[in-house]
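Colleague: One predicted model, sequence on top.
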Amino acid sequence: MQSDVSSDWYNSGAIIPIKVIRATAEMSRYAADLQSHGRRLGLVPTMGYLHKGHLSLMNLLDGQCDVKAASIFVNPIQFGPSEDLSRYPRDEARDLELLEAAGCEVVYSPPPDEVYPPGFQTYVEVEELQRPLCGSFRPGHFRGVATVVLKLFNVTGCSVAAFGQKDFQQAMVIRRMVADLNVPVKLIFGPTIRESDGLAMSSRNVYLSPEERASALTISRSLFASREACSAGDKNARKLAAEIEKALQSDSRIRIEYVDIVDSETLTAIEKIARPARAAIAVYVGKTRLIDNIELL
Ligand code: PAF
């Protein structure tokens, strides 16, 4: 595929043969052209500041499409008024290098008004799955996610898209939206990618001081301990959640937002673990909000 390298997006001197599209109309034209040649586009939607988790999703597209693409867009409508939109980490030049090395050919990286032009007023709500867990602390967050993901699917014309399971509720919301609205996109969900010490990879980890990063390990450790207890026969969800809370509370740098054990399909809280279930956590470590989850059954 011919590359189209313009100099405005990257000025470090390195030439990256990856196509970067900023304008939505151009992305739509590119998608239509691919489709007219019977070529399938695979998409990894991201908000940039990429880590190995994103790149592992790019690998999951191997053999699933003809052109691998990513989007980089820090979606303003999924951030609440007091959240970290303006300080969300960004480094597009680095992202493009990483994507190119991972075999990505096209990046849709629009400015906000290309996605939300004046007059925009249509939103997608996945009514029940958007409510629990993060939804109760971040009102409007999943409405923002579902809306932008549907737009990204429509604009890129992707036939397959990959998402990570660290954002488990997001994955469930998107799966429901795709089913409910007959969106012709195959979804692939990749496992949570962790650092060697267990910390789930996240663009927000960059905010952590060394001390906070050490504290953040309690998140994955408490989840692993919970999974072990469950495998050993402890199926009492309240007790398992209380044990996770106790571990997190023992560290003064951690403030718990929620610790919940939920049915993996409905995301509703359960008492007894008798069918597929997840333990899910959201905490603040210092000023940084981190989430993680683990499959218990
Ligand atoms: O997971 C993310 O990075 C974002 O929520 C997504 C799916 C790219 C939508 O903005």
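Modeller: Perfect, I can see it now.
Colleague: so residue 270 touches residue 261, yeah?
Modeller: Yes - assessed by Cβ atoms under 8 Å, residue 270 is found in contact with residue 261 at 6.1 Å. C-beta coordinates here come from the backbone N, C-alpha and C atoms, glycine included.
Colleague: between the two, what contacts are shared?
Modeller: 237, 277 (Cβ atoms under 8 Å, 6 or more residues apart in numbering).
Colleague: Identify each buried residue in stretch 53-73, please.
Modeller: Neighbour-count burial for stretch 53-73 flags 53-58, 60-61, 65, 67-73 (criterion: 16 or more other Cβ atoms under 10 Å).
Colleague: Which of those fall within strands?
Modeller: 67, 68, 69, 70, 71, 72 (DSSP state E).
Colleague: The ligand: which of those residues is nearest?
Modeller: Nearest to the ligand, judged by Cβ to the nearest ligand atom, of those is residue 71 at 6.9 Å.
Colleague: which ones are touching the closest one?
Modeller: For residue 71, the contacting residues are 43, 44, 45, 46, 107, 108, 109, 152, 156, by Cβ under 8 Å, 6+ apart.
Colleague: For this protein, which residues score under the pLDDT cut-off?
Modeller: Within the chain, the segments meeting pLDDT under 70 span 1-16.
Colleague: Output the set of residues of it in proximity to the ligand.
Modeller: 45, 46, 47, 75, 78, 145, 148, 149, 167, 170 (Cβ under 6 Å from any ligand atom).
Colleague: May I see those residues arranged in TSV, with neighbour count as well?
Modeller: Formatted as TSV, the residues of the chain next to the ligand follow (neighbours: other Cβ atoms under 10 Å):
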residue	neighbour count
45	24
46	24
47	18
75	22
78	21
145	25
148	22
149	25
167	19
170	22
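Colleague: Out of those, name the ones that lie in helices.
Modeller: Those of the residues of the chain next to the ligand mapping onto helices are 145, 148, 149, 170, per DSSP state H.
Colleague: can you redo these as a markdown table with distance to residue 231?
Modeller: A markdown table is the format used below for these (distance: Cβ to Cβ, whole Å):
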| residue | distance to residue 231 |
| --- | --- |
| 145 | 32 |
| 148 | 37 |
| 149 | 34 |
| 170 | 26 |
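Colleague: The residues you listed: which two are farthest apart?
Modeller: For these, the maximum inter-member distance is 11.1 Å, found between 148 and 170 (Cβ to Cβ).
Colleague: Could you grab the helix/strand/coil label for residue 129?
Modeller: Secondary structure, DSSP: H, G, I helix; E, B strand; the rest coil: residue 129 is coil.
Colleague: I figured it hits residue 180, correct?
Modeller: No - Residue 129 is beyond contact range of residue 180, at 10.3 Å (criterion: Cβ under 8 Å).
Colleague: And the closest residue in space to residue 46 that isn't next to it in sequence, how close does it get to residue 159?
Modeller: Spatial nearest neighbour of residue 46, chain neighbours left out: residue 54 (5.3 Å); criterion: Cβ to Cβ, 6 or more residues apart in numbering. To residue 159, residue 54 is 20 Å away according to Cβ to Cβ, to the nearest Å.
Colleague: quick one, longest helix in this protein?
Modeller: Counting by DSSP H, the longest helix found in the chain is helix 210-231.
Colleague: Buried ones in that helix, by neighbour count?
Modeller: Within helix 210-231, the residues scored as buried using 16+ other Cβ under 10 Å are 212-213, 215-216, 218-223, 225-226, 229-230.
Colleague: Return the distance of it from the chain's centre.
Modeller: Computed by Cα atoms, centre = their mean, to the nearest Å, the chain-centroid distance of helix 210-231 equals 20 Å.
Colleague: That helix: what's the following helix or strand?
Modeller: helix 237-249 (DSSP states H and E).
Colleague: which residues are in contact with that next one?
Modeller: So helix 237-249 is contacted by 218-219, 221-223, 225-226, 229-230, 234, 254, 256, 259-261, 269-273, 277, 279, 281, 283, 296 (Cβ under 8 Å, 6+ apart).
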